[in-house]
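[1] One predicted model, sequence on top.
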Amino acid sequence: MSSRKSDSRERMVLSAAALLREYGASATSVDHVLAHSGAPRGSVYHHFPGGRAQLIDEAVALAGDFITGLIDAAMQADDPVEAVDAFFALWRDRLVESGFRAGCPIVAVAVETNDDAPQLARSAAAVFARWQEALAALLVRHGLAEERSLRLGAFIIAAVEGAVIMCRAERSTAPIEAAAAEIHNLLIYALRDRPGTGSGPRPKA
């Protein structure tokens, strides 16, 4: 089997994820994925017997894993505030590098009605839950109660995703920079009473 044929499945999933980021779920058709990936048409139902819904679902899983890896990398910082700052910076850099074209593929799936493929919404919800839990685990590790940490994790994800949408609309990093500064200050105040905190980072003006 040629390398072109052997990697067609991976190329199709990668292309679907890229198209979701830029064009949304409804525009990510099988034809669009084939054109973007260069995969042979006959490979679609060979690799994805569930059709477009399976292809999109696997693209959501791939994108979720990738961004979870980015979160995990950011979470390696010794200070949780610096870690969350780095998470916002990653999204800001992705926006700038793509010319404000690349959003979040998980949001692209979550905001569109998929009555014919309800599993897509469930998959998106599961990815958001993983991100929330990763952020919450960081905050728990640094002394916050689990319930508060889960709320803050959800709030951070909501702030990032909302800011990304606004940045794309405005073609500016101002929304994500504003959200990052407010989350930075919120975490400073939430974490300031931890034992052994010391002076720590200071709120941003």
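    Received it, and whenever you're ready, just let me know what you need.
[2] From Asn185, how far out is Val60?
    33 Å (C-beta to C-beta, to the nearest Å). C-beta coordinates here come from the backbone N, C-alpha and C atoms, glycine included.
[3] my guess is Val96 contacts Thr173, does it?
    Yes. Under the criterion of C-beta atoms under 8 Å, Val96 makes contact with Thr173 at 6.5 Å.
[4] When the two are compared, which one has more neighbours?
    Neighbours were tallied for Val96 and for Thr173 using other C-beta atoms under 10 Å; the higher tally belongs to Thr173 (17 against 13).
[5] and the spatially closest residue to that one that is not a sequence neighbour, how many neighbours does it have?
    Nearest non-adjacent residue to Thr173, counting by C-beta to C-beta, 6 or more residues apart in numbering: Arg92, 5.3 Å away. When counting by other C-beta under 10 Å, one arrives at 20 neighbours for Arg92.
[6] just checking, Arg92 touches Ala174?
    No. In this structure, Arg92 is not within contact of Ala174 by C-beta under 8 Å, at 10.3 Å.
[7] Now do the shared contacts for these two.
    Each of Cys167 lies in contact with both Arg92 and Ala174 under the rule C-beta atoms under 8 Å, 6 or more residues apart in numbering.
[8] ok, back up a step: could you say which helix or strand holds the residue nearest to Thr173?
    Secondary structure assignment for Arg92, by DSSP states H and E: helix 80-97.
[9] Please report how far the residue nearest to Thr173 lies from Arg11.
    Separation of Arg92 from Arg11 (C-beta to C-beta) stands at 28 Å.
[10] what sits up against the top helix by length along the chain?
    The longest helix of the chain (DSSP state H) is helix 146-170. Contact with helix 146-170 is made by 84, 87-88, 91-92, 95, 100-101, 103-104, 107, 128, 131-140, 144, 173-176, 178-180, 182-183, 186-187, 190, as judged by C-beta under 8 Å, 6+ apart.
[11] Could you pull out the buried residues of that helix?
    Neighbour counts over helix 146-170 (16 or more other C-beta atoms under 10 Å) mark 149-154, 156-157, 159-161, 163-165, 167-168 as buried.
[12] Please apply the same query to stretch 108-123.
    Across stretch 108-123, burial judged by 16+ other C-beta under 10 Å covers Ala108, Val109, Ala110, Asn114, Ala117, Leu120, Ala121, Ser123.
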